[in-house]
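Trainee: Could you work out the structure for the sequence below:
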Amino acid sequence: MWILFALCSAVCSAGVSFSLKRAVAHGGAVLSTVAFRAFAGVLLVVAVTALGAWRAPTPEYWRAVAMVMVPEVLGMLFLTLALRAGELSMVQPLSGLMPPLVMVGGVLFLGEVPSLPAAAGVALVTAGVYCIGLRPGASAMEPIRALARSRASWYMVASVSAWSLATLVHRVGVQAVGALPWAVTLALGSALGLAVALPFLAWKTGDAGLPDDTRPWARAVLLAGLAYALMQAGLQTAFGMAQAGYVAAVSSTSILIATMLGIVVLRERSAARTRAAGAVLVCGGAAMIAAFG
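Mentor: Okay, here's the model as predicted:
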């Protein structure tokens, strides 16, 4: 059952990326992220209240909150820096590092030992995500070689590392208060944490990222917020049912789904060969995790 929630999360995560791409065409990335996460938090509060799913916070919950917020916010900020400092094709393949990092972290800190076939599935997903992000005609080693010369690549590694750490904490938070209340915590907490950074960004860059056209920006933000609320509900429910490494790997199929959306809706048809190879690897890996995880 957990894999259905993880796949739902992956689909909705792709929807977040697709909507956010349209939002940042009219407003700043950090402001847009604050807005859609705050809206998602409001939707989740309504859902938790309607379901009567609130639980009294425990000391374990507050410890989890203290541990998760810094890496959650840093992950978004480093991603923004990576996208500003380098090309998407250079940094996106490195997002494939997240499933193995979470799997290793699960073994070390959560005592979650994967089966060998499922671990092989995680490796396939990692390879597939890497292939999907490659630039057409470029060497398969280009993103790795860029680590020696590109700040953008290191920003992306920092982002993936921060989010991998946050992912390990999700399991603790879900066990403390339940999936939906923990999703509320992440949505509203990360929105508040990023909002604190807005004055600094405005001072540093001279631009707070206010939208140049409010109506299309607001539509994109609302769609991203709805998708993010559904994504968090599915993701945190899956974390409560399966190993963190398995969930992280299956939810990484969101990159494949986002790529397909780009091809179909935005007609981004470059690098079709590497994307097709990556799709096969991701789907094969997800199937192995579902069968043996």
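
Trainee: which other helices and strands contact the helix or strand Lys21 falls within?
Mentor: In the assignment (DSSP states H and E), Lys21 maps to helix 2-23. Here helix 2-23 touches helix 29-51, helix 214-239, helix 244-251, helix 253-264, helix 272-292, going by 3 or more CB pairs under 8 Å, 6 or more residues apart in numbering; DSSP states H and E. C-betas here are computed from N, CA, C, even on glycine.

Trainee: if we go to 7 Å?
Mentor: Secondary-structure packing of helix 2-23 (3 or more CB pairs under 7 Å, 6 or more residues apart in numbering; DSSP states H and E): helix 29-51, helix 214-239, helix 244-251, helix 253-264.

Trainee: among those helices, which gets the worst mean confidence?
Mentor: Lowest mean pLDDT within the helices and strands packed on helix 2-23: helix 253-264, at a mean of 68.

Trainee: so how far is Ala118 from Ala291?
Mentor: Distance, Ala291 to Ala118, by CB to CB, to the nearest Å: 8 Å.

Trainee: for Val11, same thing?
Mentor: Counting by CB to CB, the separation of Val11 from Ala118 is 22 Å.

Trainee: Looking at those two, which one has more neighbours?
Mentor: Neighbour tally, Val11 and Ala118, criterion other CB atoms under 10 Å: the higher count belongs to Ala118, 22 against 18.

Trainee: what's the pLDDT at that one?
Mentor: With respect to pLDDT, Ala118 has a value of 88.

Trainee: what do you get for the one 4 residues further on?
Mentor: In the prediction, the pLDDT value recorded for Val122 is 89.

Trainee: thinking it is in contact with Val102, fair?
Mentor: No - taking CB atoms under 7 Å as the definition, Val122 is not a contact partner of Val102, at 8.7 Å.

Trainee: so which of the helices and strands packed on helix 2-23 comes closest to Ala195?
Mentor: For the helices and strands packed on helix 2-23, proximity to Ala195 was assessed by CB to CB; helix 29-51 is nearest, at 4.9 Å.

Trainee: Which residues belonging to the helix or strand that that closest one is followed by are considered buried?
Mentor: Once the chain leaves helix 29-51, the next helix or strand it forms, by DSSP H and E, is helix 59-85. Across helix 59-85, burial judged by 16 or more other CB atoms under 10 Å covers 61, 64-65, 67-69, 71-83, 85.

Trainee: got it, and stretch 166-186?
Mentor: In stretch 166-186, counting by 16+ other CB under 10 Å, buried: 166-186.

Trainee: do stretch 146-165 as well
Mentor: Buried residues in stretch 146-165 (16+ other CB under 10 Å): 146, 150, 152-165.

Trainee: Identify the residues contacting that stretch?
Mentor: Residues from elsewhere that reach stretch 146-165, judged by CB atoms under 7 Å, 6 or more residues apart in numbering: 71, 74-75, 78-79, 81-82, 85-86, 90-91, 94-95, 97-98, 101-102, 105, 143.

Trainee: got it, and stretch 115-133?
Mentor: 89, 92-93, 95-96, 99-100, 103, 114, 245-246, 249, 252, 255-256, 259, 274-275, 277-279, 281-282, 284-286, 288-289, 292-293.

Trainee: likewise stretch 15-27?
Mentor: Outside stretch 15-27, the residues touching it (CB under 7 Å, 6+ apart) are 32, 36, 209-213, 216-217, 220-221, 223-224, 227-228, 231, 258, 261.

Trainee: my guess is Ala40 contacts Ala227, does it?
Mentor: No - contact criterion CB under 7 Å: Ala40 and Ala227 do not qualify, at 8.2 Å.
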